[in-house]
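[1] Okay, predicted coordinates and the sequence, questions at the end:
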Amino acid sequence: MLYISFQHATPNPRSIVDEHELAYPLRSRFFTAKEKRHTVPEFTSRLDDQWHHHGDSVALRIGFRGFPEPVVTWFKDQQPIISSMRTMVYVSEISSEVIIMDAEKNDSGFYTCRIENPMGVRDTNCQVYIGDNERLKSKGHKTLMANSRLYRSTLYKPNAYYSQFPLV
């Protein structure tokens, strides 16, 4: 038989308090509560470069974990992305995504997702290319597709102004 008695909560570092002001012991003869440890946020899936045609829908998805739950912020070319009719930002407890409907050439750019909590900050980024499918002539008489893969090495870190926590 399991018997648990409750008492009104008092400031006690070894108790858990719920919204009804009841206290539960962290350890008792019959029950042991596990405290969730604070962890640095980390990505379970990262962004990859993407190539799309004009008019496509573009989906940028990431997975993450951390405690306390990380705050997710998306950037395009170092500017925060705000949801609109064409660009939607979704965030859940373990994932986030940006959906761009009917992509246009000006949607091309450098996209970054930042996750942060009091324990730390992590970024992942990718380049999105939107091509118009026209053939371009190069000087070497080679034909290039406008949406062909381009390599670009960029060292990028979003401005600390947009961070809710101090950057270390």
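    Done, it's in.

[2] what helices or strands is the strand ranked longest in the chain leaning on?
    The longest strand of the chain (DSSP state E) is strand 120-131. In this structure, strand 120-131 makes packing contacts with strand 39-45, strand 50-53, strand 58-67, strand 109-117, judged by 3 or more CB pairs under 8 Å, 6 or more residues apart in numbering; DSSP states H and E. (Glycine included, C-beta is placed from N, CA and C.)

[3] Parallel or antiparallel, list what pairs with that strand.
    Here strand 120-131 has these sheet partners by DSSP bridges: strand 50-53 (parallel), strand 109-117 (antiparallel).

[4] Out of these, which is closest to residue 78?
    strand 109-117 (7.7 Å; CB to CB).

[5] That closest one vs strand 39-45, what angle?
    140 degrees (axes from the mean of the first three to the mean of the last three CA atoms, to 10 degrees).

[6] Tell me which helix or strand the closest residue to residue 102 other than its chain neighbours sits in.
    Nearest non-adjacent residue to residue 102, counting by CB to CB, 6 or more residues apart in numbering: residue 55, 5.8 Å away. For residue 55, there is no helix or strand it lies in under DSSP states H and E.

[7] Verify the stated contact: residue 55 with residue 103.
    Yes: proximity of residue 55 to residue 103 meets the contact threshold set by CB atoms under 8 Å, at 6.6 Å.
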